[in-house]
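**Student:** got a predicted structure here, sequence first:
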Amino acid sequence: MRADGAQSLDATKLTEWMTKRLPKFVLVREYDMSGEQVELDQLRQRLANAGGKRQSLSNEDQTILIILDLAAIVLEDFYTKGQTPEGRTVRQFDKRSASAYLTKQFNRLWTQKDVRFDIDVDGNTLNIFAEDKEIGMPVRLKRRSTGFRWYVSFAWKFTHATKGEFKDCILLLEEPGIHLHYSGQKDLLDTFERLSADNTILYTTHLASMVDLANPERVRIVESRDHHLGITQGVVSSSRGPMAVIERSLGLTGDLSGMLGNRQVLIVEGGTDALILQKLSGLLSKDGKGLSDRVFLWPAQTASKTPMYAAFSIGQKWDAAVLLDTDPEGNAAKEKIKTQYLDKLAQDQQNRFRVLMLGSAAGIKKTDAGIEDIFPDAFYLECVNAAYGIAIKIGDLPQDGSDMITKRVEQVLTSRHAYKALDKDRVFAQMLLRFDQWEKVEDLPVDTAERAAQLFAAINRTFAGD
């Protein structure tokens, strides 16, 4: 207690409290691990020359010491064991245990392949081997791709910093994924998403494929403004360099971005939606019931990524709208666009971006509705049966749950035919064959023309401001 009656803080307890809560920073750079063999006696000598201060060693040496730490191997002890036959026997057990642990931790973060690691020590020489289970041939780590070695370094550094818990860290990454192929980059983004539940992740990138389209609110553009560093929250900048990355991630190439600024842009959930709408509009336009010629269909990759396209359109002040399926994913995208972007705009700016829900716009009498529900259920089921070589009947479709045709078909495929999921692309290939046979409105399946005409009228009214 202080003289004035106030309670003083216990410095020891305060330090202990703060220490427990200090975040752990993990910096992962591009070239942290070459995979080259290491001479343990030389590493031991370099560490001694540095006075035991690891931060004075090269990144390569620090990474090797991290691997030894993860393996619960003390360098001096490991080196000493190698000097006697009995010690080398014990060391063999140590390295097997270490190899198993490193394999387990790596595979928690890398989901593309099942990989096994083997720490091999011959005398003073340490090598690391990596073996893809499906191939069955161990390969020295140095001969694996740069992207794979980067991922190894990332996984083991993160394991080391968190003691295998993978949480309570601030991860700082420079250009992650730059040496990974596209599927590897997607896997890395998925990994970041999982880790973000318990960690803060900051990374720089110039790769369009490493921009997380599902979460545009997380994007920050770093740029130079009047010789000073500036940070822009969002996906619109006056700087050409950052915008080239954003536009590329959205599929905008060449002068397409400038062209869209002079058109009325309708964002749809994917390429299939765009193709179906274009086909139906082409047929109905002969009767003046198709889409306006000024409307350009801009496919997003999924419903969850439409907010990124919306954010870009709003930032560019385009005359734009988004068409979403009437389902949980579409409703979630609608809410995100509203709360993250539209609610923050003035009323006159809000009027330049609209959100349309497919079910009500097309007059589809279902609780849930996707683009396939423009057609009658019997037509879509015919395409499914042709695609899979099966004979599902309307009466086989479940009555409980979602009434979207794709959801109902998927339940039958998974429960009765042992498929993991409905392959919409496989079914769409059959739909395209039928599209080629449609030359006039009368060729369309029953009720399709009416639903499509109502949808196109709603879209045209939206852009006309009615």
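**Tutor:** Done, it's in.
**Student:** distance of the spatially most central residue of the chain relative to Ser196?
**Tutor:** In the chain, the residue lying closest to the centroid (Cα atoms, centre = their mean) is Leu189, at 4.0 Å. Applying Cβ to Cβ, to the nearest Å, the value for Leu189 to Ser196 is 10 Å. Glycine gets a C-beta too; all of them are placed from N, C-alpha and C.
**Student:** related to what we said a few turns ago, tell me who's in contact with the residue nearest to the centre of the chain.
**Tutor:** Each residue near Leu189 by Cβ atoms under 8 Å, 6 or more residues apart in numbering is listed here: Gly177, Met210, Asp212.
**Student:** contacts only, for the first one.
**Tutor:** Listed by Cβ under 8 Å, 6+ apart, the contact set of Gly177 reads Gly147, Gly184, Gln185, Leu188, Leu189, Thr205, Leu207, Ser209, Met210.
**Student:** where does it sit: helix, strand or coil?
**Tutor:** What DSSP: H, G, I helix; E, B strand; the rest coil gives for Gly177 is coil.
**Student:** now it. Nearest residue, chain neighbours left out?
**Tutor:** Gln185 (4.3 Å; Cβ to Cβ, 6 or more residues apart in numbering).
**Student:** for the protein, which helix is longest?
**Tutor:** Using DSSP state H to assign secondary structure, the helix with the most residues in the chain is helix 85-109.
**Student:** follow-up on the earlier one: host element of the residue nearest to the centre of the chain?
**Tutor:** Leu189 is part of helix 182-195, with elements assigned from DSSP states H and E.
**Student:** and the strands in the stretch 1-150 of the chain?
**Tutor:** 24-28, 38-39, 115-122, 125-132, 139-140 (DSSP state E, counting those that start in this stretch).
**Student:** lowest average pLDDT across those strands?
**Tutor:** Lowest mean pLDDT within the strands of the stretch 1-150 of the chain: strand 24-28, a mean of 81.
**Student:** and that one, what other elements does it pack with?
**Tutor:** Counting contacts by 3 or more Cβ pairs under 8 Å, 6 or more residues apart in numbering; DSSP states H and E, strand 24-28 packs against helix 146-161, strand 169-174.
**Student:** which residues are contacting the shortest one?
**Tutor:** Right, the one you point to is strand 169-174. Identification of contacts with strand 169-174 by Cβ under 8 Å, 6+ apart yields 23-30, 154, 158, 161-162, 195, 199-204.
**Student:** which among these end up buried?
**Tutor:** The neighbour count (16 or more other Cβ atoms under 10 Å) marks Val26, Val28, Phe154, Phe158, Ala161, Thr162, Leu195, Asn199, Ile201 as buried among the contacts of strand 169-174.
**Student:** any stretches of the stretch 251-400 of the chain with poor pLDDT?
**Tutor:** Applying pLDDT under 70 to the stretch 251-400 of the chain flags residues 253-262, 346-351.
**Student:** next, Ile314: secondary structure please.
**Tutor:** Each residue gets one of three states, and Ile314 gets helix by three-state DSSP.
**Student:** how far away is it from Gly251?
**Tutor:** 18 Å.
**Student:** more neighbours: which of those two?
**Tutor:** Ile314 (24 against 14; other Cβ atoms under 10 Å).
**Student:** hmm, Trp387 is touching Ala429, no?
**Tutor:** Trp isn't right for residue 387; it's Ala. Yes - counting by Cβ atoms under 8 Å, Ala387 touches Ala429, with 6.8 Å between them.
**Student:** more neighbours: those two, which one.
**Tutor:** Shown here are Ala387 and Ala429; by other Cβ under 10 Å, Ala387 has more neighbours (18 against 13).
**Student:** so that one versus Tyr419, what's the distance?
**Tutor:** Going from Ala387 to Tyr419 by Cβ to Cβ gives 11 Å.
**Student:** including distance to Asp373, could the strands of the stretch 1-150 of the chain go into a markdown table?
**Tutor:** Putting the strands of the stretch 1-150 of the chain into a markdown table (distance: least, Cβ to Cβ, whole Å) gives the following:
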| stretch | distance to Asp373 |
| --- | --- |
| strand 24-28 | 46 |
| strand 38-39 | 61 |
| strand 115-122 | 43 |
| strand 125-132 | 43 |
| strand 139-140 | 50 |
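**Student:** the ones you listed: which one's closest to Val245?
**Tutor:** Nearest of those to Val245, taken as Cβ to Cβ: strand 24-28 at 20.6 Å.
**Student:** list the contacts of the closest one.
**Tutor:** Contact partners of strand 24-28, identified using Cβ under 8 Å, 6+ apart, comprise 150, 153-154, 157-158, 161-162, 168-174, 176.
**Student:** same check on stretch 264-275?
**Tutor:** Contacts with stretch 264-275, where a contact means Cβ under 8 Å, 6+ apart, come from 277, 291-292, 294-303, 306, 309-310, 313, 318-325, 330, 371, 424-425, 428, 432, 459, 463.
**Student:** what's the answer for stretch 360-369, then?
**Tutor:** By Cβ under 8 Å, 6+ apart, the surrounding residues in contact with stretch 360-369 are 323, 325-327, 358-359, 373-374, 402-404, 407, 450-452, 454-455, 458-459.
**Student:** among those, which lie within strands?
**Tutor:** When the contacts of stretch 360-369 are checked against strands (DSSP state E), the matches are Leu323.
**Student:** quick one: buried ones out of the contacts of stretch 360-369?
**Tutor:** Taking 16+ other Cβ under 10 Å as the criterion, what is buried in those is 323, 325-327, 358-359, 373-374, 402-404, 407, 451-452, 454-455, 458-459.
**Student:** let's see which of these end up in helices.
**Tutor:** Under the assignment DSSP H, the buried ones among the contacts of stretch 360-369 contribute Leu358, Gly359, Lys407, Arg451, Ala452, Gln454, Leu455, Ala458, Ile459 to helices.
**Student:** of all pairs in the residues you listed, which one is the farthest apart?
**Tutor:** Within those, Lys407 and Ile459 form the most distant pair, 24.7 Å apart (Cβ to Cβ).
**Student:** and the gap between Leu345 and Lys289?
**Tutor:** Using Cβ to Cβ, Leu345 is found at 32 Å from Lys289.
**Student:** so which of those two has more stuff around it?
**Tutor:** Neighbour tally, Leu345 and Lys289, criterion other Cβ under 10 Å: the higher count belongs to Lys289, 19 against 13.
**Student:** which element is that one on?
**Tutor:** For Lys289, there is no helix or strand it lies in under DSSP H and E.
**Student:** would you check that it makes contact with Leu455?
**Tutor:** No - using Cβ under 8 Å, Lys289 makes no contact with Leu455, being 10.0 Å away.
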